[in-house]
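**Student:** Need coordinates for the following:
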Amino acid sequence: MPSLLPPSLDPAPWLSLTRTATSADVSRALHAAQPGEAEFATLLSPAAGAELEALAVRARELTRRHFGQTLTLYIPLYLSDYCSGGCVYCGFAADRPQSRRRLERDEMMREMDTIKAMGFEEVLLLTGERTPQADLEYLRDAVGEAARRFSAVTIEAFPMASDEYRMLAEAGAIGVTIYQETYEPVQYEQMHRWGPKRDYDNRLAAPARVLEGGMRTVGMGTLLGLSDPRFDSLCLYRHAMQLRRRYWQSGVSLSFPRVCPQEGGYSPPFPVDDRTLAQIIFAFRICMPDVPLVLSTREAPGFRDGMAGVGINKMSIASRTTVGGYQGPVESPDGQFHVNDDRDIETFCAMLKGKGLEPVFKNWDKVYR
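**Tutor:** Next comes the predicted model:
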């Protein structure tokens with residue numbers, strides 16, 4: 001069987017463009033009929049950052065062309081905060097001094113029923129790295145329960161083998177989200193102090209294993225702030241394009257999480273401000289116009305409102321990042337990260353409609369499983 005590792009993610013041929021592109025280069029990139037890697041690198045440059053409004057106009061035009069006047073909504077459900085990993089940036093890391101728990105079957109069903117009553121049809125099930133408390137069998141049971149309630153069930157958990165992903169697809173999951181966190185190998189090693197996640201190549205090959213295992217979609221991204229965001233964005237672009245060519249019958253989506261405050265008090269070495277994040281999102285939309293781009297409640301309301309329908313076509317809302325969060329208190333110190341947008345569904349949907357956008361709770365039906 002051929003290797004599932006990407007052929008090459010070295011962005012060296014184009015990395016210099018992220019520093020040296022001119023205003024004329026930016027204009028050509030914005031008007032390219034079929035923008036590629038050179039145009040993407042150009043749109044990440046300081047010269048493009050100086051023309052952010054022009055990028056926003058083009059991104060909005062392409063978002064409306066491919067996704068209409070809509071914004072798809074989903075909600076995360078944290079199943080377990082047990083973790084065997086030592087990620088320095090994560091509130092669930094194994095050395096964090098906090099109580100741990102998982103949802104037992106009756107709790108899980110109550111959480112799902114609460115979410116269903118809120119109107120959601122797409123749920124993202126999350127765990128930490130693989131542990132005896134939250135292993136494949138536990139996750140498969142959770143997928144089965146969710147699939148009986150929701151039209152679309154996706155998961156964000158530990159890397160698995162292709163046959164394990166196939167088991168979850170057969171249980172009712174249609175997609176998996178798995179972030180590389182950073183594509184810079186030295187930084188990756190420093191960020192992941194111990195545990196299975198320390199294996200860079202194993203994680204790098206996971207999106208291909210997801211699609212080999214029969215999942216309909218794979219969600220990808222980097223955790224912005226861990227390394228040079230332009231380097232990581234170029235690698236993510238290249239990785240996603242390679243997967244799209246190889247698994248052309250499947251789908252890829254991209255997310256843009258930034259390091260958020262969490263229990264460990266980690267400060268990112270490459271902080272990403274709002275303008276830089278917006279520029280990265282616009283560059284991806286212009287160069288990958290038909291790929292779903294996702295933004296979570298890590299981001300503040302004002303930023304999310306500005307990005308809705310302008311590059312971003314999918315968001316979470318009413319999120320809780322604690323296990324049992326939909327039955328428990330709204331605020332908790334034990335979440336994976338701090339939620340910046342804590343608006344309820346009604347308030348958020350009213351904002352969308354005020355911008356001429358229609359909130360979409362369902363764009364996938366169970367019959368397609």
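
**Student:** hey, which helix is longest across the chain?
**Tutor:** helix 229-246 (DSSP state H).

**Student:** Any buried residues in that one, and which?
**Tutor:** For helix 229-246, a neighbour-count test (16 or more other C-beta atoms under 10 Å) marks 229-243 as buried. Bear in mind the C-beta positions are built from the backbone N, C-alpha and C, glycine included.

**Student:** same thing with stretch 113-125?
**Tutor:** In stretch 113-125, counting by 16+ other C-beta under 10 Å, buried: 115, 120, 121, 122, 123, 124, 125.

**Student:** In strands only, show me these.
**Tutor:** Mapping the buried residues of stretch 113-125 onto strands (DSSP state E) picks out 122, 123, 124, 125.

**Student:** The stretch 251-369 of the chain: helices as residue ranges?
**Tutor:** Listed in chain order, the helices of the stretch 251-369 of the chain (DSSP state H, counting those that start in this stretch) span 274-287, 301-307, 345-354.

**Student:** Excluding covalently adjacent residues, which one is nearest to residue 158?
**Tutor:** residue 130 (4.1 Å; C-beta to C-beta, 6 or more residues apart in numbering).

**Student:** where does the one you found land on pLDDT?
**Tutor:** If you check residue 130, the pLDDT there is 93.

**Student:** number of nearby residues for it?
**Tutor:** 22 (other C-beta atoms under 10 Å).

**Student:** and it, how far is that from residue 80?
**Tutor:** To residue 80, residue 130 is 10 Å away according to C-beta to C-beta, to the nearest Å.

**Student:** follow-up on the earlier one: how about the ones in strands among the buried residues of stretch 113-125 in TSV, adding pLDDT and distance to residue 74?
**Tutor:** Shown next, in TSV, are these (pLDDT from 0 to 100; distance: C-beta to C-beta, whole Å):
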residue	pLDDT	distance to residue 74
122	97	4
123	98	7
124	98	6
125	98	11
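
**Student:** out of those residues, who's nearest residue 318?
**Tutor:** residue 123 (11.8 Å; C-beta to C-beta).

**Student:** Surely that closest one touches residue 75?
**Tutor:** Yes - with contact defined as C-beta atoms under 8 Å, residue 123 and residue 75 form a contacting pair (5.8 Å).

**Student:** Give me the common contacts of the two.
**Tutor:** residue 115 (C-beta atoms under 8 Å, 6 or more residues apart in numbering).

**Student:** follow-up on the earlier one: among the helices of the stretch 251-369 of the chain, which comes closest to residue 188?
**Tutor:** So among the helices of the stretch 251-369 of the chain, helix 274-287 is nearest, using C-beta to C-beta, at 19.2 Å.

**Student:** contacting residues around the closest one?
**Tutor:** 29-30, 35-36, 39-40, 43-44, 48-49, 52, 55-56, 58-59, 62-63, 224, 229, 233, 237, 254, 256, 258, 272, 291, 293, 295, 303, 306-307, 310-312.

**Student:** Need the buried ones from these selected in ChimeraX.
**Tutor:** Selection command for ChimeraX covering only the buried members of the contacts of helix 274-287, criterion 16+ other C-beta under 10 Å:
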select :29,30,35,39,40,43,44,48,55,56,58,59,62,63,224,229,233,237,254,256,258,272,291,293,295,303,306,307,310,311,312
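
**Student:** residue nearest the centroid of this structure?
**Tutor:** The residue lying closest to the centre of the chain (C-alpha atoms, centre = their mean) is residue 255, at 3.4 Å.

**Student:** Not counting the worst-scoring helix or strand of the chain on mean pLDDT itself, show me its contacts.
**Tutor:** Within the chain, judged by mean pLDDT, DSSP states H and E, the helix or strand with the poorest mean is helix 12-15; its value is a mean of 81. Residues from elsewhere that reach helix 12-15, judged by C-beta under 8 Å, 6+ apart: 37, 38, 40, 41, 230, 231, 234.

**Student:** change it to 7 Å
**Tutor:** Helix 12-15 is contacted from outside by 37, 38, 41, 231, 234, using C-beta atoms under 7 Å, 6 or more residues apart in numbering.

**Student:** One more: stretch 142-153?
**Tutor:** 79, 108-109, 112, 116, 121-123, 125, 155, 168, 171-174, 362, 364-366.

**Student:** related to what we said a few turns ago, mean neighbour count, the helices of the stretch 251-369 of the chain: which tops it?
**Tutor:** Counting by mean count of other C-beta atoms under 10 Å, helix 274-287 has the highest mean neighbour count of the helices of the stretch 251-369 of the chain, with a mean of 22.

**Student:** how far out from the middle of the chain is that one?
**Tutor:** Relative to the centre of its chain, helix 274-287 is centred 15 Å away, using C-alpha atoms, centre = their mean, to the nearest Å.
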